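In: return atomic coordinates for the entry below.
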Amino acid sequence: MNILTFDIEEWYTYCSRSTEIDIKNSNRLEGYFDKLLEVLDQKKYTISFFVLGAIARSNPHVLHKIANAGHQIGCHSDTHQWLTNFSRAELFEDTNRAISSIEEIIGKKVVCYRAPAFSITEKNKWAFEVLHQFGIEYDCSIFPASRDFGGFPSILQDTPCIIEYNGIRIKEFPIGVSKVFGKKIAYSGGGYFRLLPYNKIKKIISSRDYNMTYFHLKDFDKEQSRTLNLRYFKNYYGINGSWNKFLNLLNDFEFVNIAEAVKEIKWDTVPVVRI
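Out: The predicted structure follows:
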């Protein structure tokens, strides 16, 4: 089972500023977005998009394009702030605003969620209670290893499971991880997808029965302005060839969206992870 997902957050990042270069970046991402939709249509794929509430309000046409093409839309928070920075009340407000904004545009109940930067951790696992309050049935926020902004290394399960916390249960699609040089990494999206040679990624995916991807349009935007800082290598390495690498992935593997995966899984047989 290979699941194809994109996190749509870049319009908010660029449009929250007003400089000319940001407007150009935003327009260029529109082109990447349309190109992505064309490729998915050619492959006859309907995939899962996690969208910010802020995008729904500022760029509703983006959600209309996704929905009109038959793709699934989930929630990626309201303004992409790490959940670890929120109190319970603040997360409630953020989730309420995000889901309400998305549902108003697409006219459907939002049942799937992914936290920004996988920021549901041991410290804020009560976030699952908040998601449950809003009718979230499927979550994709667990990164079962340590990472910069989140991660839940005490959860060892990196295949579909059921998260149980304080009596509530949510079906979980964690990020798959693989050991490279002794470190658990997420090979199927973000910086590591750009960093690793494609043959290595292909080998890892072929060896596993479950792979969850998490792509961003910005990871394909080789024309973007670049900021020289300590994260320069991680932010930009491999960006020039990342789109072709992504196309190779689509040609070499079959993909489903989360809604399709939910129907394929026998949920009474998956592990229950109590946190």
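In: going forward, measure contacts and count neighbours with C-alpha atoms only.
Out: Fine.
In: next one: phi and psi at Thr5?
Out: The phi/psi pair for Thr5 (degrees, to the nearest 10) reads phi -140, psi 150.
In: from Ala56, how far out is it?
Out: Look at Thr5 and Ala56: by Cα to Cα, to the nearest Å, they are 18 Å apart.
In: before we move on, what about Trp11?
Out: From Trp11 to Ala56 the distance is 10 Å (Cα to Cα).
In: go on, Asn211?
Out: 28 Å.
In: for Lys125, same thing?
Out: Lys125 sits 27 Å away from Ala56, going by Cα to Cα.
In: neighbours around Leu83, how many?
Out: Applying other Cα atoms under 10 Å, we find 24 residues neighbouring Leu83.
In: leaving out the residues flanking it, which one is nearest to it?
Out: Ser119 (5.4 Å; Cα to Cα, 6 or more residues apart in numbering).
In: that neighbour touches Gly151, doesn't it?
Out: Yes. Proximity of Ser119 to Gly151 meets the contact threshold set by Cα atoms under 8 Å, at 6.6 Å.
In: who has more neighbours, the two?
Out: Neighbours per residue (other Cα under 10 Å) separate Ser119 from Gly151, with Ser119 holding more: 26 against 20.
In: who's in contact with the more buried one?
Out: By Cα atoms under 8 Å, 6 or more residues apart in numbering, Ser119 lies in contact with 82-84, 141, 149-151.
In: put the buried members of those into a PyMOL selection.
Out: With 16 or more other Cα atoms under 10 Å as the burial test, the buried ones among the contacts of Ser119 are selected in PyMOL as follows:
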select buried, resi 82+83+84+141+150+151
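In: between the contacts of Ser119, which has the least confident prediction?
Out: The member of these with the lowest pLDDT is Phe149, at 70.
In: if we can go back for a sec, which one of Lys125 and Ala56 is surrounded by more residues?
Out: Ala56 (24 against 16).
In: what does the model give that one for pLDDT?
Out: In this model, Ala56 is scored at 96, pLDDT.
In: then Ala98?
Out: Per-residue confidence (pLDDT) for Ala98: 98.
In: what is the neighbour count of it?
Out: Under the neighbour criterion other Cα under 10 Å, Ala98 is assigned a count of 24.
In: how about it: what's its closest non-neighbour residue?
Out: Nearest to Ala98 is Gly53, by Cα to Cα, 6+ apart, at 3.9 Å.
In: which residues are in contact with the one you found?
Out: By Cα under 8 Å, 6+ apart, the neighbours of Gly53 are 75-79, 97-102.
In: including secondary structure and distance to Gly241, could those residues go into JSON lines?
Out: Conversion of the contacts of Gly53 to JSON lines gives the following (DSSP: H, G, I helix; E, B strand; the rest coil; distance: Cα to Cα, whole Å):
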{"residue": "Cys75", "secondary structure": "strand", "distance to Gly241": "29"}
{"residue": "His76", "secondary structure": "coil", "distance to Gly241": "27"}
{"residue": "Ser77", "secondary structure": "coil", "distance to Gly241": "30"}
{"residue": "Asp78", "secondary structure": "coil", "distance to Gly241": "31"}
{"residue": "Thr79", "secondary structure": "coil", "distance to Gly241": "29"}
{"residue": "Arg97", "secondary structure": "helix", "distance to Gly241": "37"}
{"residue": "Ala98", "secondary structure": "helix", "distance to Gly241": "33"}
{"residue": "Ile99", "secondary structure": "helix", "distance to Gly241": "35"}
{"residue": "Ser100", "secondary structure": "helix", "distance to Gly241": "37"}
{"residue": "Ser101", "secondary structure": "helix", "distance to Gly241": "35"}
{"residue": "Ile102", "secondary structure": "helix", "distance to Gly241": "33"}
